[in-house]
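Peer 1: Just the structure for this:
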Amino acid sequence: MIDYKNILSHNAASLKPSGIRRFFSLAEEMDDVISLGVGEPDFKTPWAIRKAGIDSLDRGHTWYTANAGLLALRKEISGYLQRRFNLEYDPDNILVTVGGSEAIDLAIRALVNPGDEVLLPEPCFVAYAPIIQLCGGVIVPIVTKAEDDFRLCPDALKSAITDKTKLLVFPFPNNPTGGVMRREHLDGIAEILKGTNVMVLSDEIYAELTYGGTHVSIASISRDMKERTILVNGFSKAYAMTGWRLGYTAAPPEVMDVMLKIHQYAVMCAPTTCQYAAIEALKSCDREIEKMSAEYNRRRGFIVSRLNGMGLKCFDPGGAFYAFPSIQPTGMKSMEFCEKLLSSKRVAVVPGDAFGESGEGFIRICYAQSMPNIVEAMNRMEAFLKEIC
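Peer 2: Numbering: from 1, shown residues only. All right, here's what the predicted structure looks like:
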């Protein structure tokens, strides 16, 4: 009889299941559930993008592209980064990936050796830590706090850096908190990193969903920061293209060479149809981005006001499409709160500890849902709080 326990990779077998997926498997078994959990736009992909994908199929464009992606798409990405974020990247230093998630995976695998330390601001997206673990890296959490607007503070960064530090994951705008780093905050981070050999993985997938100002990439701060930054972005959030699974990364040539080799052996290239659709997205859909962002901003204001009004103190998120209120006044743990809210009121939100231990005492609420559903969910949540308090 095969002993699978000894056959399986120890690093892979020891991974914890996603706290998000585990919880929503429960929600899928229930009727009349309003889900404010999954981080996915409720808008349809704009018609111009869908039509471009359909047209590419009609023309028979169903072959492999270059490993790095269509040159026409990489040129459009280069122009977009310059136009929207004042970033200059040659198309040769841009790689089209299967979602932003592949780009994150490539970046970490290209850099991290067993024993290397990776600084991870928390709470944060659930995928970083498992990839670091698979590479044998050592995760060094840096707790961000509501009183600091969930920003990464320079002093906290400085105290976490050692001679073993290889990489800083820089996830802003942040999932799950909605925290952002404005230009004045980035200068302090850049000053701490100056003169070190620490690389930065800047996950900017929510860059276009920045409220009360414009997103500033840490790679744009200085030449030094650009030389140490691997930028990750994609089409899922800004263009409502989650199911198209298309992202990209831009990096220094020396790092890009290694990332491209991993990409070549792992997936060959991103889906061809999706790449043609993405060209159209970058060419003609700036206004669509702005319309969707304005609607998210409207929902953001409503949901934060309602949460604070019902006694769940909520930081005003500056980006993404999540609210991260504290449920500590209830005396419940995050998982207990979410399970009881789901079972009694059929509202699904995510326990904060799914995003790291520092997320305990919070819940993540996604407002990429229709306003009627958000209103009903808030009414149900308020009734739930009245019942338990």
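Peer 1: And this structure, what are its domain boundaries?
Peer 2: The chain is divided into the following domains under automatic domain parsing: 4-45+287-388, 47-285.
Peer 1: looking at those, which has the lowest confidence?
Peer 2: Lowest mean pLDDT of the domains of the chain: domain 4-45+287-388, a mean of 92.
Peer 1: Got the phi and psi for residue 201?
Peer 2: phi -100, psi 100 (degrees, to the nearest 10).
Peer 1: beta partners of it?
Peer 2: Residue 201 has the following beta-bridge partners by DSSP bridges: residue 169, residue 230.
Peer 1: Thought residue 167 was touching it, still the case?
Peer 2: Yes. The pair residue 201 / residue 167 is scored as a contact, 6.0 Å apart, by C-beta atoms under 8 Å. Placement of C-beta: from N, CA and C, glycine included.
Peer 1: and for those two, which residues touch both?
Peer 2: residue 108 (C-beta atoms under 8 Å, 6 or more residues apart in numbering).
Peer 1: Distance check, residue 90 against residue 253.
Peer 2: 9 Å (C-beta to C-beta, to the nearest Å).
Peer 1: count of neighbours near residue 293?
Peer 2: Per other C-beta atoms under 10 Å, the neighbour tally for residue 293 reads 18.
Peer 1: now swap in residue 2 and tell me
Peer 2: Neighbours around residue 2, by other C-beta under 10 Å: 6.
Peer 1: Kindly report the same for residue 237.
Peer 2: 27.
Peer 1: try residue 242
Peer 2: The number of residues packed near residue 242 is 18, by other C-beta under 10 Å.
Peer 1: again, but for residue 357
Peer 2: Residue 357, neighbours per other C-beta under 10 Å, totals 11.
Peer 1: With the one 3 residues further on instead?
Peer 2: Taking other C-beta under 10 Å as the neighbour definition, residue 360 ends up with a count of 17.
Peer 1: And it, how far from residue 164?
Peer 2: Distance of residue 360 to residue 164, computed by C-beta to C-beta: 27 Å.
Peer 1: what are the ranges of the helices in the stretch 51-200 of the chain?
Peer 2: Under the criterion DSSP state H, counting those that start in this stretch, the stretch 51-200 of the chain contains helices at 71-85, 99-111, 128-134, 154-160, 183-193.
Peer 1: most neighbours per residue, which of those?
Peer 2: Sort the helices of the stretch 51-200 of the chain by mean neighbour count, taking mean count of other C-beta atoms under 10 Å, and helix 99-111 sits at the top with a mean of 23.
Peer 1: Give the other helices and strands that that one contacts.
Peer 2: strand 94-97, helix 128-134, strand 165-170, strand 199-203, strand 229-234, strand 247-250, helix 253-266 (3 or more C-beta pairs under 8 Å, 6 or more residues apart in numbering; DSSP states H and E).
Peer 1: For residue 50, which of the ones you listed is the nearest?
Peer 2: Nearest to residue 50 among the helices and strands packed on helix 99-111 is strand 229-234 (17.2 Å), distances taken as C-beta to C-beta.
Peer 1: Run the chain-centre distance for that closest one.
Peer 2: With C-alpha atoms, centre = their mean, to the nearest Å as the basis, strand 229-234 stands 11 Å off its chain's centre.
Peer 1: and the gap between the nearest residue to residue 248 once chain neighbours are set aside and residue 128?
Peer 2: Ranked by C-beta to C-beta, 6 or more residues apart in numbering and with sequence neighbours excluded, the top spatial neighbour of residue 248 is residue 96, at 5.1 Å. Distance, residue 96 to residue 128, by C-beta to C-beta: 21 Å.
Peer 1: Which single helix of this structure contains the most residues?
Peer 2: Ordering each helix of the chain by length in residues (DSSP state H) puts helix 286-309 first.
Peer 1: which outside residues touch that one?
Peer 2: 41, 43, 46, 48, 208-209, 211, 238-240, 313-314, 316-317, 321, 323, 325, 365, 367-369, 371, 374-375, 378, 382.
Peer 1: Can you tell me which of the domains of the chain is most buried?
Peer 2: domain 47-285 (a mean of 20).
Peer 1: start to end distance for that one?
Peer 2: Terminal residues of domain 47-285 are spaced 10 Å apart (C-alpha to C-alpha, to the nearest Å).
Peer 1: Quick one: closest of the helices of the stretch 51-200 of the chain to residue 351.
Peer 2: Closest among the helices of the stretch 51-200 of the chain, once you apply C-beta to C-beta, is helix 128-134, at 15.9 Å.
Peer 1: elements contacting that closest one?
Peer 2: helix 10-13, helix 99-111, strand 117-122, strand 138-143.
Peer 1: Switch these over to TSV; also include distance to residue 276.
Peer 2: TSV is the format used below for the helices and strands packed on helix 128-134 (distance: least, C-beta to C-beta, whole Å):
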stretch	distance to residue 276
helix 10-13	35
helix 99-111	17
strand 117-122	35
strand 138-143	38
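Peer 1: how far does stretch 52-65 stretch from start to finish?
Peer 2: 16 Å.
Peer 1: Run through who's touching it.
Peer 2: 96, 244, 268-270, 272-277, 279-281.
Peer 1: residues contacting residue 129?
Peer 2: Here residue 129 is in contact with 120, 139, 356 (C-beta under 8 Å, 6+ apart).
Peer 1: I'd like to know how far the second one sits from residue 249.
Peer 2: Applying C-beta to C-beta, one obtains 21 Å for the distance of residue 139 from residue 249.
Peer 1: ok, now the last one?
Peer 2: Using C-beta to C-beta, residue 356 is found at 24 Å from residue 249.
Peer 1: what do you get for the first one?
Peer 2: The span separating residue 120 from residue 249 equals 18 Å under the rule C-beta to C-beta.
Peer 1: Name the nearest residue to residue 371, ignoring sequence neighbours.
Peer 2: Excluding its sequence neighbours, the residue lying closest to residue 371 (C-beta to C-beta, 6+ apart) is residue 299, at 6.3 Å.
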